[in-house]
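Trainee: With the input below, show me the fold.
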Amino acid sequence: MGREGEWTAAPPRPGGVLPPQSSAGFPGVPTQNSAPAHPPGMIQGTPGPWGPPSRNVGMPQGVPGNPPLGQHGQSMQPGPVPGSLPAGPPARAPFPGGPPGGPPPGVRPPFLSSSNAPVAGPGQSPMGSGYGPPQQPGMFANNAMRGPPTGPPGVSPGPGGAPGVGTTQPPSNLNFPGRPGPQQMSNPAGSQPQRPSSQPQPASMGPPQQRPQGSPFAGAPGQGPPTAAYSATAGVSRPAGQPVGPFPPNSASVPPYGPPQPPTAQFQNLSFQNQNQGTGGGGPPTNFAPPMQGGVQTSAPPSWGHGPPRRVYPEFGGPPTGPPQSQPGPPQSFSQTPSHLPPNMGHIPGVSDKYGSTIAGMSQPGSPAASAAAPPSGTSRIDPNQIPRPQPNASHVVFATRVNGQANLPPSATSVFVVKDTGNCSPRLMRCTLNQIPCSGDLLNTSGMPLAIMVQPFALPHPSEEPIQIVDFGESGPVRCSRCKGYINPFMKFIDQGRRFTCNLCGFTNETPRDYHCNLGPDGRRRDADQRPELSRGTVEFVASPEYLVRPPMPAVFFFLIDVSMNAVQTGAVAAACSAINRALSDLPEGSNTLVGIATFDSTIHYYSLNKKLQQPAMLVVPDIQDPYTPLQTDLIVPLSEGRDHLEQILEGIPSMFQNNRIPESAFGAAVKGAYLAMKSTGGKLMVFQSVLPSIGLGALTPRESEGRVSGEKEALKLLQPADKLLKTMAIELAEFQVCVDLFLTAQMYVDIASLSVVPRTTGGQVYFYQPFYAGADSAKLYNDLRWNVTRPQGLEAVMRVRCSQGLQVQEYYGNFCKRIPTDVDLPAIDSDKTIMVTFKHDDKFQDGSECCFQCALLYTTVTGQRRIRVITLSLSCTSVLSNLFRGADLDAQFTYFLKTSAQEIPNVPLTQVRDQMTAQCVNILYTYRKFCATASSSGQLILPEALKLLPLYTLALTKSIGLRADTRVDTRVDDRAYWFTRVASLAAPLSIPLVYPRMFAIHTLPPRESLAEGELPPVVPLSSENLDHDGVFLLETGEDAFLYVGKQASVELLEQLFGVHSVDEVVPGQFMLQEFDNPASKRLNEIVNEIRRQRCSYMRLRLLRRGDPLEFLFFAFLVEDKSSSGLSYVEFLVHVHRQIQNKMT
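Mentor: Sure, this is the predicted structure:
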């Protein structure tokens, strides 16, 4: 290095350092999609800014890793999941100080790409085949909730909007005992239980295209299954027929969207007339069917205005008696399949019916749950197989957002569905916690449920969905309401022969612009409504007119900042970061609009000139880390096409340049400030690779983790709060100048995420956490995370505002953004993985049956420099009937709300209090339903609304999650907890449930490959140690991490096939890189892991654990259905919830 402030030539490329990668080029912007004729002022199917990358860069064996990932981590190579490189000499020498080279002989690391691997052709995405949303273990599709009802009218409100007590349909019964007490705990004298038939009839349902037109999933009448045509989302540039996002086309059929599964049968609730229950209608049921797996039955599809379906667990003493009664109600909109009584209750040892008495966990030999003596004979027990659990939903649904002028109930966020936009937006883009809006705030408060929407503006669509249309109104800009500034949408009503229109948000009557006038048809709609996307689609994108441009659109700037302190070099983090950046350069959009820059730092900041006129890149050292400055205003950030050669040379030379660095300090704050000064004029994405706790210069931090361990709970809470306000102040300044910071933490020890995460959260960025960083396994994840970061759909310098109808007002925003004014949120960057939650409160009352509208407007710049406005509109009907709120409750959105609100409370409220709040919210919701919507049922029954039957399970899982658990066996690190609530802040609904309730698969008992469809995963195993076998191998995944657990008596043959070892004792616990051996079992395991990575859009870290290892608690901590020091078992929690409801009822 030269003297301070002096430019010096960077050393020549050292021997053993990776040479520059070959450049296959970027496909550029494909031709525009063809579109039918359209009226003036509209462009249909115009491509947008994100072109799919088209090359698969090889990776040196010196830095183990895999080829690029697509949606949810699939292999980027076209066709089926490719094999790995055969063992052999490394293609290139590893970085000095980097991880060791190549795999052992005879072993093929999965995903490892090679220079001669096949690459995608022109215009074809190399991101892998198929597409799938994150799939949880068997989320119910709740199909029964999406149609007309079968029960009598629900509860109508009493005076003042308070709900009154009305007649509801009598419950169906699953054998779940309550607790003995003052209430009657047995069936009335003289009643005899009706035993179910031992020969149930089969049940089935046809595919979506065979359902009657009234089906909420049928889409347009007579519509067949989705076609194989691929279409581009607005803002994604690609030729017509190419898939959305990073996915290649399939040749014949609809591409896989998650694991395909067989259709789910429908089941009708059965009710029983008991002497102490209300009458639910006469006549025996005409249809019978076997119960669903786990004994869970779902009700027939309800319609608004009738009692909602519910889950009922009868009182002690056996099943209810009396003849089964049929459900009154209108004919079903689609074919009913039979239903059947659930089997009788079984008993499980060690679980008492009396909450508060000695209750042992449901433990198997070998599980960590404590064993205890069985309760006294004669007490009732709960069969764990009969309680609600997520069930796989394999139906491939075509979901029409509106049917017959009414909003359609959306499918589960984790299910497989193709959206047909018929007026409302896709539920992937906007999802409300309630699909009917309460007419008053009193009714909302009585229900106990939240009113909020989850907005994910760039959510990846299904490949078979139509693209979001782009409309250009020219210089005049899009039509808007002159009072509230709401954008034109399908729910604005045109009057006076089209010369005026009434805003559906504020009710103001506006004059129609002359050049936008059109006559009305007999139905009162404009004659051109179906030809104009803004009048027929719930989501549309407008080209921004000059009035929306404060300055010219910003370029796509990518600035890389690498920590080169001693620890970062010695752990291989520097070599891994340089390799990941070097490979990701090929995935950046090419053209003059893409700019790049790079700097490194330890106790000083090192800038690099990328001036193409220099023979070698030059470096300037800036020692001032209290008031950093930028040495040059030019040559630090240059177009990628001009500075790529110098940038690749720098990346290859950095590991050797700093391999003998002995400076342990890291000036993170000063380096970020210096990079910001270089980017201030342009804005852009700043990607920081940090390895140690910043200990020097601007924003220096101290290792305060040990303080919380010795000072009690109050001091521990302080560790989850930022250490000071300096980083927050700097983050606000970064956001003001449109600089987004993504933080890659390749750490070995405590780095104070609570303080560092303030910068990404305020600037719309993301935190990636690798602790402890292991170069041998984490280099691949680091590269794939970086690649997805730069290739996923995203927008820059964005501003978002959510509007709603009169009667509601926005209460609060939650997510990663900067908010300077109350109505808008500023987003230096927003991408397909980010969700913003918006809560609402009433300020007036709605009329029963009226419509309430939510509209999100996002003004942003594409990565190709175009200014756009994405408008997302959702209109829902209003109700004054409490039971309708429960029928329209959205479990995924409501649980996401609870998850995000609990994460926000963690840094400020004791964890015990947060856990109690989450449990109390669950109890209050179920109590309200029990009190006002199921009054005819016995007090000894636990009754769950059909739409929220899994709420107790997910609430229990939330209280045992990393963010909230209090397990003394699991020493949750402060950084782990801080990272958890940082990640939750912007987490989308499909990933919220697996974060706390993972999926587990039995690898040793995989079904034959022929029995599963392409992309389909094996059946999930309930998260209880009861289901663990001594000779089994289990895979558990949370959406970001995965664990392979090996039983103590696992067969030698299986161990050799999967891991290449001859006994359990040879299994080395810890992080590892899964190898692929030449045998069917190893190939099946690799296929499953690859499919999960594809679904989750994450290259999950793998950890290998074995029975008896001290670290096995990491695995058992996710078995949330077991009793542990973190909380009750699932069965005990249901009893606890039931008792709390009973206490509130008395």
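
Trainee: where does the closest residue to Cys933 other than its chain neighbours land on pLDDT?
Mentor: Closest residue in space to Cys933, ignoring its immediate chain neighbours: Ser883 at 4.6 Å, by Cβ to Cβ, 6 or more residues apart in numbering. Placement of C-beta: from N, CA and C, glycine included. At Ser883 the predicted local distance difference test score is 94.

Trainee: now do Ser1011
Mentor: Model confidence at Ser1011 (pLDDT) stands at 78.

Trainee: likewise Gly128?
Mentor: Confidence score, pLDDT, at Gly128: 36.

Trainee: is it true that the residue nearest to Cys933 touches Ala934?
Mentor: No: assessed by Cβ atoms under 8 Å, Ser883 is found out of contact with Ala934, at 9.2 Å.

Trainee: What ranges does the stretch 651-800 of the chain have for its helices?
Mentor: For the stretch 651-800 of the chain, applying DSSP state H, counting those that start in this stretch gives helices covering 668-679, 705-711, 713-718, 726-736, 753-756, 758-762, 775-791.

Trainee: Which of those helices sits closest to Val909?
Mentor: Among these, the nearest to Val909 by Cβ to Cβ is helix 713-718 (7.9 Å).

Trainee: Just the buried residues of that closest one, please?
Mentor: 716-717 (16 or more other Cβ atoms under 10 Å).

Trainee: now for it, which elements pack on it?
Mentor: The helices and strands touching helix 713-718, judged by 3 or more Cβ pairs under 8 Å, 6 or more residues apart in numbering; DSSP states H and E, are helix 705-711.

Trainee: what about the stretch 551-700 of the chain, any weak spots by pLDDT?
Mentor: The stretch 551-700 of the chain contains no residues with pLDDT under 70.

Trainee: In this structure, where's the longest helix?
Mentor: Determined from DSSP state H, the single longest helix within the chain is helix 911-933.

Trainee: What average pLDDT does that one get?
Mentor: 95.

Trainee: just checking, next helix/strand downstream of that helix?
Mentor: strand 942-945 (DSSP states H and E).

Trainee: CA atoms only: put that next one into PDB for me.
Mentor: The C-alpha coordinates for strand 942-945 follow below in PDB (Å, rounded to 0.1, in the frame of the first residue of the first chain):
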ATOM      1  CA  LEU A 942     -63.900 -26.800  22.700                       C
ATOM      2  CA  ILE A 943     -65.200 -25.300  19.500                       C
ATOM      3  CA  LEU A 944     -62.900 -23.800  16.900                       C
ATOM      4  CA  PRO A 945     -64.000 -21.800  13.800                       C
END
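
Trainee: in its sheet, what does that strand sit against?
Mentor: strand 310-313 (antiparallel) (DSSP bridges).

Trainee: Now the helix or strand where Lys1144 lies: buried residues?
Mentor: Using DSSP H and E, Lys1144 maps to helix 1130-1145. Counting neighbours by 16+ other Cβ under 10 Å, one finds that the buried residues in helix 1130-1145 are 1130-1142.

Trainee: cool, and stretch 1048-1060?
Mentor: 1050, 1054-1059.

Trainee: Compare Ser883 and Ala934 (neighbour count), which wins?
Mentor: Between Ser883 and Ala934, counting by other Cβ atoms under 10 Å, Ser883 is the more crowded of the two (33 against 26).

Trainee: Give me the helices and strands touching the longest helix of the chain, please.
Mentor: Going by 3+ Cβ pairs under 8 Å, 6+ apart, helix 911-933 lies up against helix 441-447, helix 882-887, helix 891-905, strand 942-945, helix 951-959, helix 1130-1145.

Trainee: do you know which of those lies nearest Val416?
Mentor: Closest among those, once you apply Cβ to Cβ, is helix 891-905, at 14.1 Å.

Trainee: For the longest strand seen in the chain, give the mean pLDDT please.
Mentor: Longest strand in the chain by number of residues (criterion: DSSP state E): strand 867-879. In this model, strand 867-879 has a mean pLDDT of 97.

Trainee: Determine the set of other helices and strands touching it.
Mentor: Looks like strand 867-879 contacts strand 406-407, strand 430-432, strand 437-438, strand 539-543, strand 851-861 (3+ Cβ pairs under 8 Å, 6+ apart).

Trainee: List the buried residues in it.
Mentor: 867-879.

Trainee: and stretch 674-691, which residues are buried?
Mentor: 674-680, 682-691.

Trainee: What is the end-to-end distance of that stretch?
Mentor: 18 Å (Cα to Cα, to the nearest Å).

Trainee: From here on, call the first residue 47.
Mentor: That works, and once the first residue is 47, the last one we named lands at stretch 720-737.

Trainee: would you list the helices and strands packed on helix 957-979 in TSV and tack on distance to Phe790?
Mentor: What follows is the helices and strands packed on helix 957-979, written out as TSV (distance: least, Cβ to Cβ, whole Å):
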stretch	distance to Phe790
helix 487-493	42
helix 928-933	43
helix 937-951	21
strand 988-991	43
helix 997-1005	28
helix 1176-1191	37
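
Trainee: out of those, deepest packed?
Mentor: helix 928-933 (a mean of 31; mean count of other Cβ atoms under 10 Å).

Trainee: Just the CA atoms of that helix, as CSV, please.
Mentor: The C-alpha trace of helix 928-933 is given here as CSV (Å, rounded to 0.1, in the frame of the first residue of the first chain):
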residue,chain,number,x,y,z
LEU,A,928,-70.2,-11.4,13.6
SER,A,929,-70.2,-15.0,12.3
ASN,A,930,-69.4,-13.7,8.8
LEU,A,931,-66.2,-12.2,10.2
PHE,A,932,-65.1,-15.6,11.4
ARG,A,933,-66.2,-17.3,8.1
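
Trainee: helices or strands up against it?
Mentor: By 3+ Cβ pairs under 8 Å, 6+ apart, helix 928-933 packs against helix 487-493, helix 957-979.

Trainee: Ala746 contacts Ser712, correct?
Mentor: No: contact status for Ala746 versus Ser712: not in contact, 9.2 Å apart, counting by Cβ under 8 Å.

Trainee: higher neighbour count, those two?
Mentor: Between Ala746 and Ser712, counting by other Cβ under 10 Å, Ser712 is the more crowded of the two (28 against 20).

Trainee: Cross-check the contact I'm expecting between that one and Leu744.
Mentor: No: between Ser712 and Leu744 there is no contact under Cβ under 8 Å: 11.8 Å.

Trainee: related to what we said a few turns ago, for the helices and strands packed on helix 957-979, which has the smallest mean pLDDT value?
Mentor: strand 988-991 (a mean of 90).

Trainee: Distance check, Tyr654 against Pro677.
Mentor: 10 Å (Cβ to Cβ, to the nearest Å).

Trainee: Ala575 now?
Mentor: Distance from Ala575 to Pro677, by Cβ to Cβ: 59 Å.

Trainee: For Ala590, which non-adjacent residue is closest in space?
Mentor: Arg913 (3.8 Å).
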